[in-house]
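Asks: Predicted model and sequence follow; I will ask about them next.
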Amino acid sequence: MMICKQGVSMNMIRNIAATLLCSALILAALTVSAEQTESQPSNPQTAVFPLTTKSPEAHKMVAEALSIYLDRVEQAQSIEILRKAVQADPDFAMGHELLAQISLDSAEQVSEQAKAFATRQYASPSEQTVIEWYQDAADHKLISAITKMNDVLSQYPHDKWVIWMSTWWLQSQAQYDRVITVYEHSGITDSPGLINNIGYNYAYVRQFDKAFAMMDKYVAALPNDANPQDSYAEILRLAGRFNQSIEHYRAALAINPDFYSSQFGIADTYSLMGDQARARQEYESGFRKFPLPELQRILWRSREAVSYVREGDYEAADRAFQAIADYAHARDNSQAEADTYRQMAQYQQNPKQALIFLGRAEAACQEGKNTMKIAITQEMAQILRAKVEIALKLGNKEMADSSLERLTGMSDSSSDKIIELAYHGAAGAVLFSNKKYDQAISHLEEDTNNPFSLKLLQTAYQKIGYTAGAKRTNDTLANLNDPTLEQALVVPAFRKCMDTPSCNGNAKSASLKK
């Protein structure tokens with residue numbers, strides 16, 4: 001299991017974006033005194049990031065929370081300890097920031113971020129830079145955020161907490177290659193948490209041999225903890241080794257029967273394997289056994305709803321997704337509500353009905369309750385991409401062009417990788433529909449973790465006679481194993497067509513129309 005806030009987004013596993021955000025912030029200096037003041041580090045090679053609090057008790061609690069959170073991934077327990085730490089010292093700015101970043105409650109995330117920013121004057125200069133970096137990110141001022149991240153990273157290039165901070169934030173921006181570069185440059189090889197993190201990033205760029213090697217090290221480092229087994233299971237699943245994945249999930253539960261992510265990981269895996277009835281049994285078993293935080297509940301209820309889409313039971317999917325949207329609305333979680341309606345739009349058989357759901361998604365974005373600006377802005381980009389794709393199905397060129405124009409403006413005015421990917425996917429789809437395959441390819445090649453873009457890219461390569469590119473993309477798409485709605489809508493049908501001799505070349509080619 002990755003240590004991150006679970007969001008509900010198109011890239012649920014990757015970014016989750018694609019999820020919501022995966023931006024865990026790990027900052028501590030457990031070897032310094034609680035009242036230490038900071039000066040510029042004289043030697044970046046050995047510099048240790050400071051943590052400032054007037055309460056030794058709060059400092060001790062943060063140390064405990066980080067240990068629990070980083071390696072054992074007992075997130076709920078860590079959150080409770082952090083809450084006690086900021087009660088012991090209400091001016092503990094980094095305590096508030098930590099809680100903002102790892103909380104599984106959307107309202108708490110927003111309120112704790114505000115408290116961190118309001119109390120930053122009590123923190124050291126480097127801590128203030130980090131808090132301002134994350135505030136800039138929350139406000140979608142990404143150029144400033146990137147500058148501050150680089151500043152802190154240059155001062156502490158080998159401090160494991162700063163490496164955690166930097167790699168998690170880069171990962172939330174889908175900058176997987178940069179994550180790998182930062183980690184490898186750090187020279188840190190003995191941190192279980194970093195080993196876990198880098199294993200995922202190797203998997204995201206499909207370097208599975210390196211990912212498995214990291215998981216072997218992670219399990220060896222913490223043989224009696226559940227999370228290494230859970231992480232190994234997820235990476236095996238990404239590689240398509242489903243039976244081995246389930247074995248590791250069950251091994252995690254044998255170590256810790258309360259490690260609920262493994263229960264839901266089993267359900268996700270059965271869904272990817274095509275056994276939706278068994279998947280829903282496993283989901284419901286998890287919902288009965290475990291009281292889940294808000295964002296975790298939304299995540300796995302959404303995955304359960306996707307199981308109906310995989311079966312083609314769209315009425316059941318509508319009921320399941322609508323219940324999630326109602327729950328998110330009742331909790332004033334506008335981003336989750338918007339994302340749920342966007343997902344409903346994507347699988348609708350009637351494009352006009354899909355536009356109704358996208359309208360609801362936009363309305364939820366406009367409310368913006370209990371949500372950081374960055375999450376709403378990224379969600380809006382995903383909605384516009386979906387609107388472009390649905391407009392193309394309707395043959396409504398004016399709607400497709402106007403939605404793409406809005407998305408282009410968003411991409412041009414920010415340095416947000418998630419928005420950039422949405423733009424490239426939408427632009428590639430429009431150009432593909434106009435049979436401008438060469439131009440489409442230049443955009444689609446920027447979005448190669450998205451099944452919709454991969455499907456169009458594979459066909460565009462065929463259209464221009466680039467056989468090697470078509471085969472490579474074909475293999476990538478056929479082996480995409482994220483338990484997301486997008487994967488459910490594209491990959492199973494693609495695999496079935498590949499395995500069916502009667503599925504002719506035209507059927508195997510990508511199409512923007514159903």
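Replies: Arrived safely. On a predicted model such as this, the values are computed, not experimentally measured, just so you know. Residues are numbered from 1 along each chain as shown.
Asks: Could you tell me how many residues sit around the residue nearest to Val490 when sequence neighbours are not counted?
Replies: Residue nearest to Val490 in three dimensions, not counting chain neighbours: Pro451, with 3.7 Å by Cβ to Cβ, 6 or more residues apart in numbering. From N, CA and C alone the C-beta is placed, and that goes for glycine too. Using other Cβ atoms under 10 Å, Pro451 is surrounded by 20 other residues.
Asks: Hmm, Asn479 and Pro451 touching each other?
Replies: No - with contacts counted by Cβ atoms under 8 Å, Pro451 stays clear of Asn479, the gap being 11.4 Å.
Asks: and the longest helix for this protein?
Replies: Determined from DSSP state H, the single longest helix within the chain is helix 373-394.
Asks: which parts of the next helix or strand along the chain from that helix are buried?
Replies: Downstream of helix 373-394, the next assigned helix or strand under DSSP states H and E is helix 397-412. Buried positions in helix 397-412, judged by neighbour count with 16 or more other Cβ atoms under 10 Å: Met399, Ala400, Ser403, Leu404, Arg406, Leu407, Met410, Ser411.
Asks: what packs against helix 397-412?
Replies: Packing partners of helix 397-412 (3 or more Cβ pairs under 8 Å, 6 or more residues apart in numbering; DSSP states H and E): helix 373-394, helix 417-433.
Asks: Mind putting those helices into CSV with distance to Ile188, mean neighbour count and mean pLDDT?
Replies: Formatted as CSV, the helices and strands packed on helix 397-412 follow (distance: least, Cβ to Cβ, whole Å; neighbours: other Cβ atoms under 10 Å; pLDDT from 0 to 100):
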stretch, distance to Ile188, mean neighbour count, mean pLDDT
helix 373-394, 28, 24, 96
helix 417-433, 24, 25, 97
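Asks: want to throw the ones you listed into JSON lines with distance to Ser302?
Replies: Formatted as JSON lines, the helices and strands packed on helix 397-412 follow (distance: least, Cβ to Cβ, whole Å):
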{"stretch": "helix 373-394", "distance to Ser302": "14"}
{"stretch": "helix 417-433", "distance to Ser302": "18"}
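Asks: among these, which is nearest Asn243?
Replies: Nearest to Asn243, of all these, is helix 417-433, at 32.0 Å by Cβ to Cβ.
Asks: just how off-centre is the next helix or strand after that closest one within its chain?
Replies: As assigned by DSSP H and E, the chain's next helix or strand after helix 417-433 is helix 437-444. Taking Cα atoms, centre = their mean, to the nearest Å, one finds the center of helix 437-444 at 26 Å from the center of the full chain.
Asks: For helix 437-444, which helices and strands make contact with it?
Replies: Checking 3+ Cβ pairs under 8 Å, 6+ apart, helix 437-444 ends up next to helix 417-433, helix 451-464.
Asks: got the angle for the longest one vs helix 437-444?
Replies: Orientation check (axes from the mean of the first three to the mean of the last three Cα atoms, to 10 degrees): helix 417-433 against helix 437-444 gives 160 degrees.
Asks: Alpha carbons of helix 417-433, as CSV, please.
Replies: Output of helix 417-433 as CSV, limited to C-alpha atoms (Å, rounded to 0.1, in the frame of the first residue of the first chain):
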residue,chain,number,x,y,z
LYS,A,417,1.3,17.8,-15.2
ILE,A,418,-2.2,16.3,-14.5
ILE,A,419,-3.8,19.2,-16.5
GLU,A,420,-1.2,18.9,-19.2
LEU,A,421,-2.0,15.1,-19.6
ALA,A,422,-5.7,15.9,-19.8
TYR,A,423,-5.0,18.5,-22.5
HIS,A,424,-2.9,16.1,-24.6
GLY,A,425,-5.5,13.4,-24.4
ALA,A,426,-8.3,15.7,-25.5
ALA,A,427,-6.2,17.3,-28.2
GLY,A,428,-5.1,14.0,-29.5
ALA,A,429,-8.7,12.8,-29.7
VAL,A,430,-9.8,15.8,-31.7
LEU,A,431,-7.0,15.5,-34.1
PHE,A,432,-7.6,11.8,-34.5
SER,A,433,-11.3,12.4,-35.3
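Asks: which secondary structure elements does that helix contact?
Replies: Partner elements for helix 417-433 (3+ Cβ pairs under 8 Å, 6+ apart): helix 373-394, helix 397-412, helix 437-444, helix 451-464.
Asks: Other residues contacting the second one?
Replies: Under the criterion Cβ atoms under 8 Å, 6 or more residues apart in numbering, residues 377, 380-381, 384-385, 387-388, 391-392, 419-420, 422-423, 426-427, 430, 433 lie in contact with helix 397-412.
Asks: How far off centre is that helix?
Replies: In terms of Cα atoms, centre = their mean, the centre of helix 397-412 is found 24 Å from the chain centre.
Asks: what bits of the stretch 1-150 of the chain have low per-residue confidence?
Replies: Where the stretch 1-150 of the chain drops to pLDDT under 70, the residues are 2-42.
Asks: all helices for it, in order.
Replies: Counting by DSSP state H, counting those that start in this stretch, the stretch 1-150 of the chain has these helices, from start to end: 56-67, 75-88, 93-102, 106-118, 125-138, 142-155.
Asks: for the ones you listed, which one sits closest to Ile266?
Replies: The minimum distance between Ile266 and those falls on helix 75-88, with 18.9 Å, by Cβ to Cβ.
Asks: Can I get the closest one in PDB? Just the C-alpha atoms.
Replies: Taking Å, rounded to 0.1, in the frame of the first residue of the first chain, the C-alpha atoms of helix 75-88 are listed here in PDB:
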ATOM      1  CA  GLN A  75      -2.600   5.700   8.800                       C
ATOM      2  CA  ALA A  76      -5.600   6.000  11.000                       C
ATOM      3  CA  GLN A  77      -3.500   5.500  14.100                       C
ATOM      4  CA  SER A  78      -0.900   8.000  12.900                       C
ATOM      5  CA  ILE A  79      -3.600  10.600  12.300                       C
ATOM      6  CA  GLU A  80      -4.900  10.200  15.900                       C
ATOM      7  CA  ILE A  81      -1.400  10.700  17.300                       C
ATOM      8  CA  LEU A  82      -0.800  13.800  15.100                       C
ATOM      9  CA  ARG A  83      -4.100  15.200  16.400                       C
ATOM     10  CA  LYS A  84      -2.800  14.900  19.900                       C
ATOM     11  CA  ALA A  85       0.500  16.500  19.000                       C
ATOM     12  CA  VAL A  86      -1.200  19.700  17.700                       C
ATOM     13  CA  GLN A  87      -3.400  19.800  20.700                       C
ATOM     14  CA  ALA A  88      -0.200  19.700  22.900                       C
END
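Asks: List the buried residues in that helix.
Replies: Across helix 75-88, burial judged by 16+ other Cβ under 10 Å covers Gln75, Ala76, Ser78, Ile79, Ile81, Leu82, Arg83, Ala85, Val86, Ala88.
Asks: got those as JSON lines, with distance to Asp105 columns?
Replies: Formatted as JSON lines, those follow (distance: Cβ to Cβ, whole Å):
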{"residue": "Gln75", "distance to Asp105": "12"}
{"residue": "Ala76", "distance to Asp105": "11"}
{"residue": "Ser78", "distance to Asp105": "14"}
{"residue": "Ile79", "distance to Asp105": "9"}
{"residue": "Ile81", "distance to Asp105": "15"}
{"residue": "Leu82", "distance to Asp105": "12"}
{"residue": "Arg83", "distance to Asp105": "11"}
{"residue": "Ala85", "distance to Asp105": "17"}
{"residue": "Val86", "distance to Asp105": "14"}
{"residue": "Ala88", "distance to Asp105": "20"}
